[in-house]
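# what follows is a predicted structure for the sequence shown.
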2 protein chains.
Amino acid sequence: MTAKTNESRPPGGGNLTWHRHSVTRGGREKQNRHRGATLWFTGLSGSGKSTLANAVAAELHHRGIRTYVLDGDNVRHGLNKDLGFSPQERVENIRRIGEVARLFTDAGLINLTAFISPYREDRALARSLQPEDFIEVHVDADVATCESRDPKGLYRKARAGEISNFTGIDAPYEAPENPEVRVNTSRNSVEECVAQVVAALEEKGIVPGNMNKAPEEE
Amino acid sequence: MTAKTNESRPPGGGNLTWHRHSVTRGGREKQNRHRGATLWFTGLSGSGKSTLANAVAAELHHRGIRTYVLDGDNVRHGLNKDLGFSPQERVENIRRIGEVARLFTDAGLINLTAFISPYREDRALARSLQPEDFIEVHVDADVATCESRDPKGLYRKARAGEISNFTGIDAPYEAPENPEVRVNTSRNSVEECVAQVVAALEEKGIVPGNMNKAPEEE
């Protein structure tokens, strides 16, 4: 124990007291040497949201930055496993992701969410929870490109009528009008898109400029 | 950009590829120099859960460890603000907290939850989500002590019949039978209880022994 106070509650009653201050968001950010923020990746299925979120996280991690990716793998089968795909549940899905993202920002991490999140209104709700720390990244790629990739075979199923309300086929995708970052994965490589996102974080002062080797890197 | 690969997808189609590996939990833990884990504080209202969780977090933070406290302040008014206090909603409240705690563990943080969580079954569910990384801390204090503290004036209201189903008064508290740690805040000071929790983390190899000054400490 390094506690310097000799503060102690009298046994048997009274209020619990503790004079070392609670850890604040500022304290966590100082410890991490970067700010907490949410990178909200939005785009069609197959646009490369998850690939890009993971690639940005890897680049930041390499620089000694604390990151965490929230995506279908760790959210849909856990926190949101009680939710289906009705309009109401779709809204609740994005609301909860937005709330969890806010907690991760408060924890001082760069958190990256990778969900189609096709509706402006839902993304606006997620943004409203932490307007100062919300970076919307539009992962832009035309439907033809996404359909040609079809990493999960979902476009094929949607075209065959096996699934309905599929974004870009028979459900709308409302592209962001003023995202903080827009990358085009039809035209640019993953490296180029990663560089673009990381440059935006540097410009906003969320992460320090690249110094090639973070002090904690082995 | 420090990317070493010159991997890039041909423009206009094909799959997005990225050859730097995604960040794993192990990678994050190596970066942090400690393991991720959940410290699940359970006990009566007024037992000192939140005080103790924050004090443990402060002690760990002082050692350069990454922490985050989940409590009523940041969860009840955010992620779980749609939930009331019916039996079903009570279960869902704890389930979601357990799922979020699991995400924070996966992110490599020592996360500390401070909720009464009076039912063994609910705590067992939270534990089942991450059995290897779940440290149950029973914050033990008799009802008389908690009632004498009554930090939120809730015991007074419960006695006056203004609120019902209040744990310890007219609703049961099912004490843990085999918690990883049991602290007694009626008999011991906050410092003593903190030391007991931190010692348990050291013994389990979750955090390194105290070296007085963490490398990142200012």
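That came through fine. Predicted, not measured: the structure shown is a model, and the values here were computed from it.
# near the nearest residue to residue A:159 once chain neighbours are set aside, how many other residues are there?
Leaving aside its sequence neighbours, residue A:159 sits nearest to residue A:169 (C-beta to C-beta, 6 or more residues apart in numbering or on different chains; 6.9 Å). C-betas here are computed from N, CA, C, even on glycine. Around residue A:169 sit 19 other residues, with neighbours defined as other C-beta atoms under 10 Å in any protein chain shown.
# in this structure residue A:169 contacts residue A:155, no?
Yes - contact criterion C-beta atoms under 8 Å: residue A:169 and residue A:155 qualify, at 6.9 Å.
# which SS class is residue A:39?
Three-state call for residue A:39 (DSSP: H, G, I helix; E, B strand; the rest coil): strand.
# look up phi and psi at residue A:57.
phi -60, psi -40 (degrees, to the nearest 10).
# which residue, other than its chain neighbours, is closest to it?
Using C-beta to C-beta, 6+ apart, the closest residue to residue A:57 is residue A:67 (4.2 Å).
# wait, the one you found sits on residue A:54?
No - between residue A:67 and residue A:54 there is no contact under C-beta under 8 Å: 9.5 Å.
# identify the contacts common to those two.
Contact criterion C-beta atoms under 8 Å, 6 or more residues apart in numbering or on different chains; residues shared by residue A:67 and residue A:54: A:112, B:23.
# who has more neighbours, those two?
residue A:67 (27 against 22).
# and that one, backbone torsions?
Dihedral angles for residue A:67 - degrees, to the nearest 10 - are phi -130, psi 160.
# distance-wise, check it relative to residue B:63.
Distance of residue A:67 to residue B:63, given as C-beta to C-beta, to the nearest Å: 22 Å.
# and for residue A:178?
Using C-beta to C-beta, residue A:178 is found at 43 Å from residue B:63.
# mind listing what's buried along stretch A:165-182?
Buried residues in stretch A:165-182, counted by 16 or more other C-beta atoms under 10 Å in any protein chain shown: A:166, A:167, A:168, A:169, A:173, A:176, A:179, A:180, A:181, A:182.
# neighbouring contacts of it?
For stretch A:165-182, using C-beta under 8 Å, 6+ apart, the contacting residues are A:42-45, A:85, A:116, A:118-120, A:123, A:135-138, A:140, A:143, A:146-147, A:154-155, A:157-159, A:164, A:196-197, A:200, A:204.
# now with 6 Å, please.
Residues from elsewhere that reach stretch A:165-182 (C-beta atoms under 6 Å, 6 or more residues apart in numbering or on different chains): A:44, A:116, A:118-120, A:135-138, A:140, A:143, A:158, A:164, A:197, A:200.
# what about it, start to end distance?
Stretch A:165-182 has its terminal residues 25 Å apart, counting by C-alpha to C-alpha, to the nearest Å.
# run the chain-centre distance for it.
17 Å (C-alpha atoms, centre = their mean, to the nearest Å).
# and for stretch A:106-114?
Distance of stretch A:106-114 from its chain centroid, counting by C-alpha atoms, centre = their mean, is 6 Å.
# give me the mean pLDDT for it.
When pLDDT is averaged over stretch A:106-114, the result is 98.
# and the gap between the nearest residue to residue A:156 once chain neighbours are set aside and residue B:181?
What sits nearest to residue A:156 in space, not counting adjacent residues and going by C-beta to C-beta, 6+ apart, is residue A:150, at 6.0 Å. Distance, residue A:150 to residue B:181, by C-beta to C-beta: 50 Å.
# what does residue A:22 give?
From residue A:22 to residue B:181 the distance is 20 Å (C-beta to C-beta).
# which parts of chain A are helices?
A:25-32, A:49-62, A:72-74, A:87-106, A:120-128, A:143-149, A:154-159, A:190-203 (DSSP state H).
# in the third one, what counts as buried?
Think helix A:72-74. residue A:74.
# just checking, what packs against it?
Based on contacts counted as 3 or more C-beta pairs under 6 Å, 6 or more residues apart in numbering or on different chains; DSSP states H and E, there is no element that helix A:72-74 packs against.
# equivalent analysis for the fourth one, please.
Packed against helix A:87-106, as judged by 3+ C-beta pairs under 6 Å, 6+ apart, are the following elements: strand A:37-42, strand A:110-114, helix A:120-128.
# and the gap between residue A:145 and residue A:71?
Residue A:145 is 20 Å from residue A:71, by C-beta to C-beta.
# my bad, residue A:51
For residue A:51, the distance to residue A:71 equals 10 Å [C-beta to C-beta].
# TSV for the helices and strands packed on helix A:87-106, including distance to chain B?
Output for the helices and strands packed on helix A:87-106, formatted as TSV (distance: least, C-beta to the nearest C-beta, whole Å):
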stretch	distance to chain B
strand A:37-42	12
strand A:110-114	8
helix A:120-128	12
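# mean neighbour count added to the ones you listed, as CSV?
Listed next are the helices and strands packed on helix A:87-106 as CSV, based on neighbours: other C-beta atoms under 10 Å in any protein chain shown:
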stretch, mean neighbour count
strand A:37-42, 27
strand A:110-114, 27
helix A:120-128, 16
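# out of the ones you listed, nearest to residue A:91?
helix A:120-128 (5.8 Å; C-beta to C-beta).
# list the contacts of that closest one.
Here helix A:120-128 has contacts from A:91, A:94, A:98, A:117, A:134, A:174, using C-beta under 6 Å, 6+ apart.
# measure the last one to chain B for me?
Put plainly, it is residue A:174. Separation of residue A:174 from chain B (C-beta to the nearest C-beta, to the nearest Å): 23 Å.
# so what does that residue look like in phi/psi?
Residue A:174 adopts backbone torsions of phi -90, psi 100, taken as degrees, to the nearest 10.
# so which of the contacts of stretch A:165-182 comes closest to residue B:188?
Residue B:188 lies nearest to residue A:135 out of the contacts of stretch A:165-182, by C-beta to C-beta, at 45.4 Å.
# count the neighbours of the closest one for me.
Residue A:135 has 20 neighbours, counted by other C-beta under 10 Å.
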